[in-house]
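Engineer: this one's sequence-less:
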């Protein structure tokens with residue numbers, strides 16, 4: 001498993017504003033999109049490409065285009081939806097699938113409640129987007145789901161990660177598939193409630209508010 005922790009002043013600046021408890025939902029969503037675009041630039045470094053012959057105003061030349069089959073972006077609902085636009089700005093030709101997962105706040109174990117993905121993902125590059133890699137349970141379930149459908153190249157893009165979650169992914173996927181994690185920050189730890197410290201709180205609530 002390959003872990004890439006971003007080291008860029010723009011990412012650090014935007015992440016600081018994202019963490020701030022005084023940042024409202026509209027600004028939080030905007031910052032999320034901007035951060036995802038910056039992370040996606042690095043996360044797509046190994047995206048599959050092919051040659052394409054074109055004509056410029058001067059001559060013909062051979063350039064590059066995203067190869068078929070197109071990559072698939074998979075946001076984990078609901079907070080992952082807030083990262084989708086940023087990914088599609090960088091990968092506008094990607095297809096989009098969805099995984100709905102929820103974490104039990106007592107056991108911290110995830111469960112799936114929805115999916116919208118092709119039955120066969122053989123040969124597809126998958127980009128999973130979820131704001132937080134905390135215990136690693138949700139991401140591990142998502143990766144297992146994708147591997148069961150034939151995927152072998154899975155890249156996770158997260159805003160903040162905890163050491164516990166990274167260790168879980170490293171342990172579970174050391175040699176079974178090509179799994180990569182790109183994150184804006186590797187934080188200190190998880191607290192007793194399973195939240196990342198210092199973290200940014202509940203990303204879904206901060207993006208969309210709390211509906212009683």
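Structural biologist: Thanks, I have it. Note that the structure is predicted; figures quoted are calculated from it, not measured.

Engineer: and the least confident helix or strand in the chain by mean pLDDT, what does it pack onto?
Structural biologist: In the chain, no helix or strand scores lower on mean pLDDT, DSSP states H and E than strand 110-116, which sits at a mean of 77. Secondary-structure packing of strand 110-116 (3 or more C-beta pairs under 8 Å, 6 or more residues apart in numbering; DSSP states H and E): strand 98-103, helix 137-148. Any C-beta I mention is one placed from the backbone N, CA and C, and that applies to glycine too.

Engineer: ok, which stretches of this structure are strands?
Structural biologist: Shown for the chain, the strands assigned by DSSP state E span residues 2-5, 49-55, 60-66, 72-77, 95-96, 98-103, 110-116, 125-129, 132-133, 153-161, 178-186, 189-190, 196-197.

Engineer: lowest average pLDDT across those strands?
Structural biologist: Looking at the strands of the chain, the lowest mean pLDDT belongs to strand 110-116 (a mean of 77).

Engineer: for the residue of the chain positioned farthest from its centre, phi and psi?
Structural biologist: Here the chain reaches farthest from its C-alpha mean at residue 58, the gap being 40.3 Å by C-alpha atoms, centre = their mean. Main-chain torsions, residue 58, degrees, to the nearest 10: phi -110, psi -40.

Engineer: quick one: pLDDT of it?
Structural biologist: For residue 58, pLDDT reads 97.

Engineer: how about residue 212?
Structural biologist: We have a pLDDT of 49 for residue 212.

Engineer: my read: residue 1 touches residue 173, true?
Structural biologist: Yes. Judged on C-beta atoms under 8 Å, residue 1 makes contact with residue 173 at a distance of 5.2 Å.

Engineer: can you list residues touching both of those two?
Structural biologist: Taking C-beta atoms under 8 Å, 6 or more residues apart in numbering as the criterion, residue 1 and residue 173 both touch residue 179.

Engineer: picking up where we left off before, ok, which of the helices and strands packed on strand 110-116 comes nearest residue 38?
Structural biologist: Nearest to residue 38, of all these, is helix 137-148, at 20.3 Å by C-beta to C-beta.

Engineer: elements contacting that closest one?
Structural biologist: Judged by 3+ C-beta pairs under 8 Å, 6+ apart, the packing partners of helix 137-148 are strand 72-77, strand 98-103, strand 110-116, strand 125-129, strand 153-161, helix 163-172.

Engineer: list the contacts of it.
Structural biologist: Helix 137-148 is contacted by residues 74, 76, 99, 101, 103, 108-110, 112, 115, 117, 121, 126, 128, 130, 133, 154, 156, 158, 165, 168-169, 172-173, 176-177, 179 when judged by C-beta under 8 Å, 6+ apart.

Engineer: also stretch 186-200?
Structural biologist: Residues outside stretch 186-200 that contact it (C-beta under 8 Å, 6+ apart): 3, 5, 18-19, 103, 105, 108, 131-132, 134-135, 159-166, 201-202, 206.

Engineer: residue 167: neighbour count?
Structural biologist: By the criterion of other C-beta atoms under 10 Å, residue 167 has 12 neighbours.
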